[in-house]
Structure formats: C-alpha cells, structure tokens
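Fold the following.
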Amino acid sequence: MTTTKSDTGLFSPVVPEDRWHPDFRALREESPREPARRSMEGVFARMGDRDGNFREQFQTTGFDSRVWELYLYAALEDVGLEIRQPNPAPDFLVRRGSLTFGIEATTANLRTGESKPVISNKRELLEFLTQELPIRLGSPLFSKLQTNYTAKPELRGVPFVLALECFVSPDSMFVSESPLGSYLYGLHSSPEFDHDKKLRIRNTTIGEHRSGEKVIPSGFFAQPGAEEISAILFSNSGTAGKFSRMGYQAGIAQDRIWMGRYGMVANNNPDAAAPSFFAEEVGNRTERWSEGLVVFHNPQAARPLPDEAFGYAAVQYALVDGEIRHTISPFHVFSSQTLTIPAPEGYGVEVARFIGIRRLRELAEGMEATYGAKSSD
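This is a model prediction of the structure:
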C-alpha cells in the first residue's frame, strides 16, 4: 500500500476504511495509479481545503464531485486566471484583468445505490443521449438555479458560470458536449449535405425530454431565472484519467508503466459530419489542463460572459440567428479513454510500450473497419 508522508495529504485517511469510495481506494493502493495520485496531491496542495471537509468527501461519497473541483482549479490556473475561493460560495471567484466572474461547480451523479445504465444497441444509445441524459444533466442545473447565487456580495453585477461534469454515463465515450448543447438551447442539430456535397446543419426545436414518467422542458437557458446564469462551463475531462495523464506527462512512473490514450476528436474539415478517431502515446504531444473545456454562452444572460474569459483556451458555443455556432480548436477531444500498461515483472517498460502500441493499433483498425475513421498516432 502506498501512503503519503503528510497526515494532511489528500490520500491520508480521515475516515474508517469501510467508508472509502472504491475509486479512492484504487488510487491510494494501486501502484499504476501513482501518476494520478501524485498529480492530485499537487493540485490539492495549491488549492487547499476551503471548507474543511474536502478530504472526507473525496474519500467517501463525494469522490467524483471533489475530483471535478480539483480539475477545475488546475484548468483555471492553466488559462491564467487569478483564483479566489470565497466561503461558502461560489466555489471560485476568478479574475482576468478588469474582468471578474464567479464559478460554481456541480455534477450529474447517479443516485445512491444506482448502477450506471446498460446500453446494448444504437436505439438505446440514442434514447439515452436525447432523453435520459438531458434529464440527468438538467437536474443539477435546476438545483443550482434555485440558489440565489447572484445576490451574494461577491457576485453582484458580475457574470456567473455553472461548471458541469457528468458522471452518470456507462462510458465516457458516450458523453460529449453535443447532448448538453441541445438541451441548453432547446435545439437538435442534424447534418445534411447539399448537391455540391457541402455540409449544412438543420436545426429543429426540441420541446421536452422524456424518460419513463420523468419529463422536463428543453431549453434550459429559456427557463425563468436562467438569465442569471451567464454560461455553462463543461468538460468530460475532470476525471482520474486526466490526472493520470498529466502526472505521467510530467515524468511520474515513466520507468514502470506505459500510458496511451484513444477516443474521438473533432474533425475540423468544414464539410465533416462526424468526428475522427485518434490514438496517441501520452507524452508525445503536450496535453494542457484546459484541453477539453467547453463554454456554452447564454443568449438571454443578464450579464454576458466575454469570449476571452478563458483566454480562448475553451471551445465556445453560442446561439446566433437561431443556430448553434461554435469556435474551432486545433485538437478538441470529444471523449477518450486512458490505457495504462504496467511493465511485466522482470521486464522493462519497453515491453509495456510494445503491448500498449499494439493495443492502440487494434483499436484504430476496429474503428476504421466500423466507421471508416482514420486514426492519428
């Protein structure tokens, strides 16, 4: 078992072992998780424990939410924002030059004892993405909407952002920003091609989302009171996998494990209707903490958030003339998985690298055969 030297460290137990979250246990005890463990410790040391219960929640029922907060702090640092953490809220009060705005973190989580949904075919996947997922994402947003954050002295007259991460998917490959954008703006965007094979986007209005007996209206930004929310900040990168890659990229455990990454990345061809598959060795390309940030601007915002708030590191979505428009990032990952291969006992890390690269090639060949998607190495 690996332990930290400081009894105030993030992984020093503050609750009995039988209360530990399974992911906390794995991070604390498993050797290949060292890059994530040490990366998280570093961010926590800089961020601190504002309300005194961060470690207790991180080690138990609030694991996902606290990982999301750690990630947000690192990403906000990465884009050059000055960060304060008022007590008790919002989670972050940040500044860039003369611009100040607040950020409150929230997550879409499974209910206690609930299992992640099982999706076995394309019909079930479509139902999940267009109906159940918007309901899951809408629940924490509506809950935050009921709290009058903008009446707090620190937030009067400044933009206010809700930062959302999703932990209800059976697989992070299923959750990119597209379903969230459809729900926020109440529009479904579908690709079409004209006679010159040029891509055109057709937008249709969504009235509601229905899953079983649960029904919610679509178009979060159009709901009463939502004008107080300047934007929604989203990422599906606020996970232990991100901390693993960033720690490994910084040199942690490179002599004992090999790490790769694969998934779907934006295709910046203006006439491409689908993303591309990518596969890479972690460390061959410099990954930033802020990679994967997405900002959805509220067209009804009482205090709009300027595009430069995050230093143009984030992909920006906005409603323009009834259409959802977005900026382009050179390398924008919609979803990904991290592949960690420990060096086999008695062998060097090059053997782990050989195994990992072979696995990435198999994944790339499978994606190309299924979707015709080319991979990048």
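
what's the distance between Asp49 and Phe58?
10 Å (CB to CB, to the nearest Å). No exception for glycine: its C-beta is placed from N, CA and C like everyone else's.

Just want to know which of the two has more residues nearby.
Phe58 (26 against 14; other CB atoms under 10 Å).

which stretch of helix or strand covers Arg353?
Using DSSP states H and E, Arg353 falls within helix 349-371.

for Leu164, same thing?
Element membership for Leu164, per DSSP H and E: strand 160-166.

Return the alpha-carbon coordinates of that strand using PDB.
Output of strand 160-166 as PDB, limited to C-alpha atoms (Å, rounded to 0.1, in the frame of the first residue of the first chain):
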ATOM      1  CA  PHE A 160     -21.800  33.900 -13.100                       C
ATOM      2  CA  VAL A 161     -21.000  30.500 -14.600                       C
ATOM      3  CA  LEU A 162     -22.100  27.000 -13.600                       C
ATOM      4  CA  ALA A 163     -19.400  24.400 -14.200                       C
ATOM      5  CA  LEU A 164     -20.800  20.900 -15.000                       C
ATOM      6  CA  GLU A 165     -19.300  17.500 -15.300                       C
ATOM      7  CA  CYS A 166     -21.300  14.200 -15.900                       C
END
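
Give me the contact list for it.
64, 68, 71-72, 90-91, 101-108, 133, 136-137, 140-141, 144, 149-150, 175, 180, 228-236, 238, 295, 303, 305 (CB atoms under 8 Å, 6 or more residues apart in numbering).

quick check: mean pLDDT across it?
For strand 160-166, mean pLDDT rounds to 96.

now do stretch 117-129
Stretch 117-129 comes out at a mean pLDDT of 82.

Same question for stretch 271-282.
Stretch 271-282 comes out at a mean pLDDT of 87.

Enumerate the positions of that stretch that are buried.
Using 16 or more other CB atoms under 10 Å as the test for burial, stretch 271-282 gives 275-282.

How far off centre is the helix or strand containing Lys144?
If you go by DSSP H and E, Lys144 is part of helix 133-145. Here helix 133-145 is found 16 Å from its chain centre; the criterion is CA atoms, centre = their mean, to the nearest Å.

how far off strand 160-166 does it point, in degrees?
Calculated by axes from the mean of the first three to the mean of the last three CA atoms, to 10 degrees, helix 133-145 forms an angle of 140 degrees with strand 160-166.

list the helices and strands helix 133-145 packs on?
strand 99-108, strand 160-166, helix 177-185, strand 208-211, strand 214-217 (3 or more CB pairs under 8 Å, 6 or more residues apart in numbering; DSSP states H and E).

one more time with 6 Å, if that's ok
Contacts defined by 3 or more CB pairs under 6 Å, 6 or more residues apart in numbering; DSSP states H and E place helix 133-145 against strand 99-108, helix 177-185, strand 208-211, strand 214-217.

Rounded mean pLDDT for it, please.
pLDDT averaged over helix 133-145 gives 93.

how big is the angle separating it from helix 177-185?
50 degrees.

Report the buried residues of helix 133-145.
133-141, 144-145.

Report the buried residues of stretch 213-223.
For stretch 213-223, the neighbour count (16+ other CB under 10 Å) marks 216, 218-221, 223 as buried.

mind checking the end-to-end distance for that stretch?
By CA to CA, to the nearest Å, the extent of stretch 213-223 from end to end equals 21 Å.

Centre of the chain to it, how far?
Here stretch 213-223 is found 22 Å from its chain centre; the criterion is CA atoms, centre = their mean.

which SS state does the most centrally placed residue in the chain fall under?
With distances taken as CA atoms, centre = their mean, the residue of the chain nearest its centroid is Asn236 (2.0 Å). Per DSSP: H, G, I helix; E, B strand; the rest coil, the secondary structure class of Asn236 is coil.

swap in Glu41?
Secondary structure, three-state DSSP: Glu41 is helix.

what do you get for Ala313?
Under three-state DSSP, Ala313 comes out as coil.

Might you report the residue contacts of it?
Listed by CB atoms under 6 Å, 6 or more residues apart in numbering, the contact set of Ala313 reads 79, 290.

make it 10 Å
Listed by CB atoms under 10 Å, 6 or more residues apart in numbering, the contact partners of Ala313 are 75, 78-80, 288-293, 295, 329.
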